[in-house]
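I'll drop the sequence and a predicted model, then ask my questions.
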Amino acid sequence: MSDLIPQPKADIRAPGKNEAITVKDCNQCGKCCTNYGGSGLSASVSEIDWWETYRPEIARYVSGGKIWISPVTGKQMEKCPWLQKLPNENKYSCRIYHDRPDDCRYYPVDIDQMISDDCEMLESRDLTDPKKAQSTLDNLMADSRPPLQR
């Protein structure tokens, strides 16, 4: 199989169901970044302090505790300055992926958010058992964020 085809991260059979819960790895569709990449994000004081110390090129886009403020105009940017569309592909990448804010790191938080954003990690069959799908998502995101507490 091609490495470009997203493979299921988890395949958990829902009790009494014949279909699996298959929340997939991210396929870099960019919907999360294009939906939230402008004024929809925030960063903690500690994240901003870290950028100021170790990544001043990121800190240039912070003003008054707000992120993605143009260093040229002083205005809120409509999209994240670190998002780039890959050439000749319908995929996106983050140029500060390892140093991105927790708002980005924690996405997606829950199945409802994935549904409203039309996230491509979610399969329609995942909706047969949202609790199990949430558990699968939490396992998938374990290296990025704590599990959702309900």
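Nice, I can see it.

could you use CA atoms for every contact and neighbour count after this?
Will do.

which residues of the protein fall in strands?
12-13, 20-21, 62-63, 66-67, 83-85, 92-94 (DSSP state E).

confidence score at residue 92?
Here the pLDDT value assigned to residue 92 is 91.

list the contacts for it?
By CA atoms under 8 Å, 6 or more residues apart in numbering, the residues touching residue 92 are 28-30, 83-86.

swap in residue 106?
With CA under 8 Å, 6+ apart, residue 106 has these contacts: 141, 144-145.

quick one: buried ones out of the residues you listed?
141, 145 (16 or more other CA atoms under 10 Å).

looking at the contacts of residue 106, which is nearest residue 113?
residue 141 (14.3 Å; CA to CA).

how close does the closest one get to residue 83?
Distance, residue 141 to residue 83, using CA to CA, to the nearest Å: 20 Å.

so where's the protein uncertain?
1-24, 150 (pLDDT under 70).

in it, which residue is closest to the centre?
residue 107 (3.7 Å; CA atoms, centre = their mean).
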